[in-house]
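S.K.: Structure here, sequence nowhere to be found:
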């Protein structure tokens, strides 16, 4: 079988995207061919379909390999690949990737400092990110772990209107951590409520 030089050049510069088989890479005896304008050209042998594509300066692209017989389209593969990549980029722009952010506290944190940290935590949760709240213990503070647990409890109670607990408190070395995830249905648009805490 003699291949035309145009077909060989197109095969050399074509890079398959998402396992699309093109031209002579299609390994079935017969295919159902759809023209460049969407018209049905019928079932034909692969060689005849590739010759038809070369005559029209197009590529034969296998778009439905699981059909019997497989469905192929006549199209400009370079343009098709460009449009597929563009659609994927657009889809990635619109989707929100949820990140795990962290707020670190100490067991003997001051009221003003914890309020500042709570504002930061609230902002991160409202942006749609998961939040890891960590209480770090140093030196002899390890003997007072209930203080760290009470700090975490205060954080959870302050943020319960916009979050829920995904992972309960866990001790990892000298750190006591909890993971909060945002509640999508209850997004708070108002500023955080300032709670008065009696020491």
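M.R.: Perfect, I can see it now. None of these values were measured; they are calculated from a predicted model.
S.K.: What distance do you get for residue 129 to residue 68?
M.R.: 47 Å (C-beta to C-beta, to the nearest Å). Using the backbone N, CA and C atoms, a C-beta is placed for each residue, glycine as well.
S.K.: swap in residue 26?
M.R.: 14 Å.
S.K.: Which of those two has more residues huddled nearby?
M.R.: The neighbour comparison of residue 26 against residue 68 (other C-beta atoms under 10 Å) goes to residue 26, with 19 against 9.
S.K.: doesn't residue 46 make contact with the more buried one?
M.R.: Yes: in this structure residue 26 lies within contact range of residue 46 using C-beta atoms under 8 Å: 5.3 Å.
S.K.: For beta bridges, what are the partners of residue 101?
M.R.: residue 131 (DSSP bridges).
S.K.: Let me know the pLDDT of it.
M.R.: The model reports residue 101 with a pLDDT of 85.
S.K.: same question, residue 13
M.R.: Value for residue 13, per-residue pLDDT: 38.
S.K.: Equivalent analysis for the one 3 residues further on, please.
M.R.: pLDDT, the model's per-residue confidence, is 39 for residue 16.
S.K.: Distance from the chain centre to whichever helix or strand residue 166 is part of, please.
M.R.: Here residue 166, judged by DSSP states H and E, is contained in strand 163-172. Offset of strand 163-172 from its chain centre (C-alpha atoms, centre = their mean, to the nearest Å): 24 Å.
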